[in-house]
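In: pasting the sequence and the predicted model now:
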Amino acid sequence: GDKGKIMNLSILKLDKKNLNTFIAAGSALIFIGFIDIILSSFFSTNITAFLPDKLSYLTPLLFGLCGLYLIRIEFSGNKLLDKININFNSSNFNALLTLLVIFALIKYIPPLLNWFVFDANFAGNTKEDCTGGGACWVFIKVWLNRFVYGLYPDTEQWRINTAFLILFFLVGASFFLPQKYKKYIIIFLLFVYPIIGLKLISGGDFGLKYVETGAWGGLSLTFIVSAFALILCFPIGTILALGRRSNLPAIRYTSIGFIELWRGVPLITVLFMSAVMFPMFLPDGTYVDKLIRVLIAITLFEAAYMAEVVRGGLQALPKGQYEAAKSLGMGYWKMHFLIILPQALKLVIPGIANTFLALVKDTPLIFVVGLLELAGMVNLAKTNPKWLGMAMEGYVFAGLVFWVICYVMSRYSQNLEKKLKTER
């Protein structure tokens, strides 16, 4: 009898001797767990219905956990099994997380695919053409032009396209031209292109029809606000960061006051002030376009955050870098632009990218001044009497567009970080 008990214990012990037995038993339990969740999710069939409700609901997890426990054999010699155990099954807690993620995907991905694709309507021109139970992408197709250009006149939309083609060409050229020409492109982008772009889109000169900024909107306005704020907030933020670390009290305290003031106020309040309060302080007969006011407000707001990110990079540099630059006879500006800032900015690339991403996602707040970018145009479209009830499709579309923009920016920042990495 004692020998039989010892044999039973040796069988339950997780080791290589009984590897095939444990893999077979564990795989069977995991398979039962998956069958249970699939049958209950898609066929409304519960193979453990004879158990109490709460226990029956948890049986897929219990089967899966038992199965993963049985195959958790360290250094089994099976490469696939060892990789699964290291990455997904290193402990009971990690096994539970793995099962929860997989079961959630099994339960919720198919209904989402049905809504997005299989039951969705793509053909047609009216709401009545949406007869399926899924998404009505006809709404997006009909309103796509407005989502991209806002209320900008159809016959003048080539001007927006041209302005952005010039921008993309200049940015693309900066990646391929020799280093000595890049500084001229950067100077052109910072000081010349904004004037050309705004004049081309707004018109009023060179025979171009004037289009008021109230008609600008959609994705193009999102890009306009984001691009100008990104281009301008970075140099302003860098100067503020240097000012906050200055030895001159007047400059230091002015920079601190500016940064803390703008960081302590919500962006929506800043935009509201720029639209309502700021014109009250202007002399009679003076008018500043609301888009210009919005660009200035967002730029100064984001510059305050950028200043703190850059300051973090400046403080991370060892004091020896400053002393080495001074020993070479470099002045303040030469030392910072040639030695300090290149190293400091490299250290805070993730923080800079994070600030840029936040800026892009903050652009929908300009609705408080009556400007309708992508999310604003979705709000306008969903209230159209002919398209009531289409809010979900509009917001999903806007969310996907913002996600793509932010993902591309994030990937670029990661690649730039790897490119500039000097640690070995």
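Out: Happy to help now that I have it.
In: going by C-alpha atoms from here, please, whenever you check contacts or count neighbours.
Out: OK.
In: now do stretch 228-237: distance to the chain's middle.
Out: Mean-position distance between stretch 228-237 and its chain equals 19 Å (Cα atoms, centre = their mean, to the nearest Å).
In: average pLDDT across that stretch?
Out: Averaged over stretch 228-237, pLDDT sits at 89.
In: all helices of the stretch 201-350 of the chain, in order?
Out: Here the stretch 201-350 of the chain has its helices, by DSSP state H, counting those that start in this stretch, at 218-244, 249-263, 267-272, 290-316, 319-327, 332-335, 341-347, 349-362.
In: which positions in the second one come out as buried?
Out: Applying a neighbour-count criterion of 16 or more other Cα atoms under 10 Å, one finds 251-252, 255-256, 258-259, 262-263 buried in helix 249-263.
In: residues making contact with that helix?
Out: With contacts defined as Cα atoms under 8 Å, 6 or more residues apart in numbering, helix 249-263 is touched by 240-241, 243-246, 300-301, 304-305, 307.
In: one more pass at 6 Å, please.
Out: Under the contact criterion Cα atoms under 6 Å, 6 or more residues apart in numbering, helix 249-263 has outside partners 240, 243-244, 246, 301, 304.
In: avg pLDDT for that helix?
Out: For helix 249-263, the per-residue pLDDT averages 92.
In: for Tyr287, what are phi and psi?
Out: phi -130, psi 130 (degrees, to the nearest 10).
In: how close does the spatially closest residue to it that is not a sequence neighbour sit to Phe397?
Out: Spatial nearest neighbour of Tyr287, chain neighbours left out: Pro279 (7.5 Å); criterion: Cα to Cα, 6 or more residues apart in numbering. Shown here: Pro279 relative to Phe397, a distance of 35 Å by Cα to Cα, to the nearest Å.
In: ok so, going back, closest to Leu81 out of the helices of the stretch 201-350 of the chain?
Out: Smallest distance to Leu81 across these (Cα to Cα): 35.8 Å, for helix 349-362.
In: only C-alpha atoms, please: export that closest one in PDB.
Out: Output of helix 349-362 as PDB, limited to C-alpha atoms (Å, rounded to 0.1, in the frame of the first residue of the first chain):
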ATOM      1  CA  ILE A 349      12.800  62.200 -26.800                       C
ATOM      2  CA  PRO A 350      10.100  60.100 -25.200                       C
ATOM      3  CA  GLY A 351       8.900  63.100 -23.200                       C
ATOM      4  CA  ILE A 352       8.900  65.400 -26.200                       C
ATOM      5  CA  ALA A 353       7.000  62.800 -28.200                       C
ATOM      6  CA  ASN A 354       4.500  62.500 -25.400                       C
ATOM      7  CA  THR A 355       3.900  66.300 -25.400                       C
ATOM      8  CA  PHE A 356       3.400  66.300 -29.100                       C
ATOM      9  CA  LEU A 357       0.900  63.400 -28.900                       C
ATOM     10  CA  ALA A 358      -1.000  65.300 -26.200                       C
ATOM     11  CA  LEU A 359      -1.100  68.400 -28.400                       C
ATOM     12  CA  VAL A 360      -2.600  66.500 -31.300                       C
ATOM     13  CA  LYS A 361      -5.300  65.000 -29.100                       C
ATOM     14  CA  ASP A 362      -6.100  68.300 -27.500                       C
END
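In: contact partners of that helix?
Out: By Cα under 6 Å, 6+ apart, helix 349-362 touches 226, 406.
In: per-residue pLDDT, the closest residue to Leu317 other than its chain neighbours?
Out: Leaving aside its chain neighbours, Leu317 sits nearest to Ala344 (6.7 Å; criterion: Cα to Cα, 6+ apart). Looking at Ala344, its pLDDT is 87.
In: Ala344: how many residues sit nearby?
Out: 20 (other Cα atoms under 10 Å).
In: again, but for Pro52
Out: 9.
In: below-threshold pLDDT in the protein: ranges please.
Out: Applying pLDDT under 70 to the chain flags residues 1-15, 422-424.
In: ok, longest helix in it?
Out: The longest helix of the chain (DSSP state H) is helix 391-419.
In: about what we covered before: which of the helices of the stretch 201-350 of the chain sits closest to Pro385?
Out: helix 218-244 (19.9 Å).
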